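Task: produce atomic coordinates for the following.
(chains A and B)
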Amino acid sequence: MSLVWREALRAMRRAPLLAALSVTAIGFSLFSVGLFGLVALNLREGLRRIEERVEVVAYVLRGTPAETITAASQDIAAFPEVADVQFVPEDEALARARRELVEFRDAYRDLQVNPLPASLEIRLREGARETRHVAAVAERVKGFPFVEDVRYGRDWVERLDQLRNLLAVVGLGIGAVFAAVAAVIIGVTIRLTVLQRAREIAVMRVVGATNWFVRGPFLVEGVLKGLAGGALAILLAWGVFRLASGTSLKALQGLVFFTPLQRAGLLLAGALLGLGASAVSLARELRDA
Amino acid sequence: MIRFAHVEKAYPSGQVALRDVSFSVARGEFVFLTGHSGAGKSTILKLLFAEQRPSAGEAKVGSFLLHALAPRDVPRLRRRLGVVFQDFRLLEDRTAAENVAFALEVTGTPPAAIAPRVLKVLTQVGLAAKLQAYPRELSGGEQQRVAIARALANDPPLLIADEPTGNLDERATRGVFQLLQDINAGGTTVVMATHDLDLVRSARARTIELRQGMVAYDSAVDEAAPGGAP
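Numbering: from 1, shown residues only, chains lettered A, B, ... in the order given. All right, here's what the predicted structure looks like:
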């Protein structure tokens, strides 16, 4: 085992309470970041589910030949923004209305003539559900001569845009504040370790160890503590997630947890925070010495 | 080995620790730095191992120009000299052997060369039987011997000792001082700061006395000059 690793592990063994304190502090700091991330993740997921319902409906003129509609459907499906196109004939539109609009069921049952037009339901790809894309698709679809009218709920899509932007800005802002607070707490705990080992650093320097050699064990220690803290944060966040998922509140149904990649990201964030905090604390110690 | 020419050391607070200090130390010499507390002894030693830099003048140790030393050269300089402190500065959680080995490990000595070297220097200081003892299990004199062994680990041509007997009783003082003299007899230059005048008088080594940051007396210069010592 290299000296750097040996010294890093030795330091943690020698002061287990301080090491545990550092890991706990890093864990809880990252937990606050992680918990916020989890909330943001679930809000985004909720928003994505709502976005999936964004669609452009093109009402078709009565008497349009089926082949015309089929050919147009294929053209529309080839638009880069479009995920798929579904043709809803008049009969199906009526059947769906009877099924879904319960309060009008009686009115629809007594009809002699089907008043509902056939339509093309155009669903959009993820990333093409903002107002400008939706409006562009609607405009192009409107150009087909057999299309009588196009609807896509402009207000609703615009509000979704605003919500998405708000979530991104607030998420970034609060996330950055949480991360900064976490970095300060981690910096303080690592600084305690550095102060505890001030004599060792002084000895290393006086016998001629290079600054990089002095830094090595501390940086490794910072990374190890950061990783342990990151793992603790994930465990705590998982506990909260399980608790929240187990409740009967409807708003908390269908919650999602971090993907393996996101979990790895949290671990990496812990390692980087540990490394950075160690480097900053040590720079001060080496400057003071 | 050492050359100071008109060296000054002033701190940002305005306090002046050294004023126009000039002296030279030849290879293999044993030199006492004496003077009251605050006279500048420790400052000279700190300049020697580049813990501090001169504010003015020229200072040289071996081939290293201390007044113009690049940060990357500081570890190289320190590997060419050993430093011993009054408070030993041993690592309490390591045995005598580990304390010495630490100095070798952190300076990149090949692992295979460390154990033989540790045994050699601890034998040299008379502690071959206490390799596995922790500092708390050793007397003050023994702890200082471990510190000296650590200072000798890299086989430096210059040993700097800052009040090495300051925390020791009379017997331990004699023992540690004898050890430093033995090391000097082996060819290592020794510069020792002390305010123990009995020790200085008994040793008949070159003495540089400092007063208020200036060289007040240098036996090598003043005793050679007509008129002799004060």
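
and the stretch 1-150 of chain A, which of its residues are near chain B?
Residues of the stretch 1-150 of chain A found near chain B (C-beta under 8 Å from any C-beta of the partner chain) are A:Leu3, A:Arg14. Bear in mind the C-beta positions are built from the backbone N, C-alpha and C, glycine included.

wait, I meant the stretch 151-289 of chain A
So the stretch 151-289 of chain A meets chain B at A:199-200, A:202-211, A:213-214 (C-beta under 8 Å from any C-beta).

Mind checking which of those residues are in helices?
Using DSSP state H, the members of those that fall within helices are A:Arg199, A:Glu200, A:Ala202, A:Val203, A:Met204, A:Arg205, A:Val206, A:Asn211, A:Phe213, A:Val214.

Now these in JSON lines, please, with extra columns for pLDDT and neighbour count.
Listed next are these as JSON lines, based on pLDDT from 0 to 100; neighbours: other C-beta atoms under 10 Å in any protein chain shown:
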{"residue": "A:Arg199", "pLDDT": "83", "neighbour count": "13"}
{"residue": "A:Glu200", "pLDDT": "84", "neighbour count": "24"}
{"residue": "A:Ala202", "pLDDT": "87", "neighbour count": "16"}
{"residue": "A:Val203", "pLDDT": "87", "neighbour count": "24"}
{"residue": "A:Met204", "pLDDT": "86", "neighbour count": "26"}
{"residue": "A:Arg205", "pLDDT": "88", "neighbour count": "23"}
{"residue": "A:Val206", "pLDDT": "90", "neighbour count": "23"}
{"residue": "A:Asn211", "pLDDT": "82", "neighbour count": "18"}
{"residue": "A:Phe213", "pLDDT": "80", "neighbour count": "19"}
{"residue": "A:Val214", "pLDDT": "83", "neighbour count": "24"}
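
Please identify which of those residues is nearest to A:Val256.
Nearest to A:Val256 among these: A:Val214, at 44.5 Å, using C-beta to C-beta.

Just give the closest residue to that closest one, not the sequence neighbours.
A:Met204 (4.9 Å; C-beta to C-beta, 6 or more residues apart in numbering or on different chains).

what's the answer for A:Phe213, then?
A:Phe213 sits nearest to B:Val106 (C-beta to C-beta, 6+ apart), 5.6 Å away.

right, and the one you found touches A:Arg6 too?
No. Using C-beta atoms under 8 Å, B:Val106 is not in contact with A:Arg6, being 11.6 Å away.

Compare neighbour counts for the two and give me the winner.
Taking neighbours as other C-beta atoms under 10 Å in any protein chain shown, B:Val106 and A:Arg6 compare with B:Val106 leading, 23 against 13.

For A:Ile76, see how far away that one is.
71 Å (C-beta to C-beta, to the nearest Å).

do the same with A:Leu261
To A:Ile76, A:Leu261 is 34 Å away according to C-beta to C-beta.

Measure how the host helix or strand of A:Val157 sits relative to helix A:198-206, angle-wise.
Per DSSP states H and E: A:Val157 is located in helix A:154-196. If you take axes from the mean of the first three to the mean of the last three C-alpha atoms, to 10 degrees, helix A:154-196 sits at 80 degrees to helix A:198-206.

Centre of the chain to helix A:154-196, how far?
12 Å (C-alpha atoms, centre = their mean, to the nearest Å).

More neighbours: A:Leu261 and A:Ile76, which one.
Neighbour count, other C-beta under 10 Å: between A:Leu261 and A:Ile76, A:Ile76 has more, with 21 against 7.

Identify the residue nearest that one in space, chain neighbours excluded?
Nearest to A:Ile76 is A:Val85, by C-beta to C-beta, 6+ apart, at 5.0 Å.

neighbours of that neighbour, just the number please.
22.

So in terms of bridging, what pairs with it?
For A:Val85, the beta-bridge partners under DSSP bridges are A:Ile122.

Now do the contacts for it.
By C-beta atoms under 8 Å, 6 or more residues apart in numbering or on different chains, the residues touching A:Val85 are A:Ser73, A:Ile76, A:Ala77, A:Leu120, A:Glu121, A:Ile122, A:Arg123.
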